[in-house]
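1. got a structure for you, letters missing:
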């Protein structure tokens, strides 16, 4: 259990009360939500300021037909959801506290849920320029582009690159490591590479879909086929995938995620007349290890040891659970997979284990199949059979401040000593 400072609990209470007061007064489908939210980010919490210890308030508005339309500071649309990132505020906590307020609309009016997520480990960012995306969407609608291809066209790589650059510079300003999730484009990759070359601590995480796929399927004439590839940032044109693979093999990008977020074809069909309403997300958690081995090891781009690093060891180190995870050592959890490099696999929606009728890797074949999975010393997967019982999982706490934070305080001290300020000055008075 994380223990929060009293100021943080007070902040949560104030925001919750404030939003409830305003939301309870809003009629169904009201457009006054923007006005109701603005005072939150304009409040003055400057008395709480401590450099580099940031808190951000995030308001997440679920958007349905005839629902809410809001714009404030930065936002992006994901899974039919608007995320509104309010002005960062600073508190006396060595952690990020995200105040997430989920507001949705029902037939009975407005409902609200206040969630508090304490991220003790890292500063992470989904990098897209929300204002730019909104403008891109407006342009597509004006051109009559309403299908899934409009999603990619409204969120070009340059918006991902711009947002990545901005996040990197803000992280440098407050002297904190930065974790950039689902890096999808050359534009974002180049910003990360430049930052790392200069010595800044930036972690870049590509995802399987960005490494393996290209955007061509978004132009498929069948809506359901095209819609299943909608995710944010979008899957890019051919060429971006090769660049991401090269960056992963050379160490510019450090690990591979999935951004696993699946929807069935009926859910994707919510946006059949408007790409902005297509729930964002693709599968990948079940396919990641097989596809990365086939794509990166079988082609000679990385070694088997590199495969372990980008899928396991680096993840455990960055998330500060190494060597409990990410290693085969005395005292580690004995989480092991046995991968047969000579065994073949084929991916399809009929045989996968996600409860969805679509798979963005449909029909893909390759070499390198996991045949046995061992969790904490027990065989949990063998011969295509899952051998676990409900309740056998264990929560793994992630302590704060991984190796990425080593030396941060020394860097701060060096910065302060270089300021040569404040300057002591003699104030002369003029006698009348």
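-> Happy to help now that I have it. These numbers were taken from a predicted model, which means no experiment stands behind them.

2. can we go C-alpha only for contacts and neighbour counts from here?
-> OK.

3. domain ranges for the protein?
-> 1-120, 121-326 (automatic domain parsing).

4. how close does the residue nearest to residue 202 when sequence neighbours are not counted sit to residue 344?
-> Take residue 202 and drop its neighbours on the chain: the residue closest to it by C-alpha to C-alpha, 6 or more residues apart in numbering is residue 178, 4.8 Å away. Distance, residue 178 to residue 344, by C-alpha to C-alpha, to the nearest Å: 37 Å.

5. ok, those two, which is more surrounded?
-> Per other C-alpha atoms under 10 Å, whichever of residue 178 and residue 344 has more neighbours is residue 178, with 23 against 14.

6. what residues are up against the more buried one?
-> 122-125, 167-168, 171, 201-203 (C-alpha atoms under 8 Å, 6 or more residues apart in numbering).

7. Please determine how far it is located from residue 323.
-> 22 Å.

8. Over to residue 145?
-> For residue 145 relative to residue 323 (C-alpha to C-alpha), the value is 50 Å.

9. So for those two, which sits in the more crowded spot?
-> More crowded of residue 145 and residue 323, by other C-alpha under 10 Å: residue 145, with 19 against 16.

10. which residues does that one contact?
-> By C-alpha under 8 Å, 6+ apart, residue 145 has no neighbours at all.

11. Any figure for the gap between it and residue 302?
-> For residue 145, the distance to residue 302 - C-alpha to C-alpha - is 40 Å.

12. And for residue 327?
-> 19 Å.

13. any idea how far the residue nearest to residue 202 is from residue 151?
-> 27 Å.

14. Residue 191 now?
-> 23 Å.

15. Between the two, point out the one with more neighbours.
-> Taking other C-alpha under 10 Å, residue 191 and residue 151 do not tie; residue 151 has more neighbours (29 against 19).

16. so where is the stretch 101-250 of the chain shaky, pLDDT-wise?
-> 101-123 (pLDDT under 70).

17. residue ranges of the helices in it, please?
-> 130-142, 149-154, 157-174, 186-197, 208-212, 223-227, 240-250 (DSSP state H, counting those that start in this stretch).

18. Deepest in the core, which of those helices is it.
-> helix 208-212 (a mean of 25; mean count of other C-alpha atoms under 10 Å).

19. Which elements pack onto that one?
-> Secondary structure elements in contact with helix 208-212, counted by 3 or more C-alpha pairs under 8 Å, 6 or more residues apart in numbering; DSSP states H and E, are helix 240-250, helix 288-292.

20. Residues in contact with it: which ones?
-> Here helix 208-212 has contacts from 182-184, 235-236, 240-242, 244-245, 256-258, 282, 284, 288, 291-292, 295, using C-alpha under 8 Å, 6+ apart.

21. List buried residues within those residues.
-> Among the contacts of helix 208-212, those that count as buried by neighbour count (16 or more other C-alpha atoms under 10 Å) are 182-184, 235-236, 240-241, 244-245, 256-258, 282, 284, 288, 291-292, 295.

22. now do the same end-to-end measure for stretch 390-401.
-> This stretch, stretch 390-401, spans 32 Å end to end (C-alpha to C-alpha).
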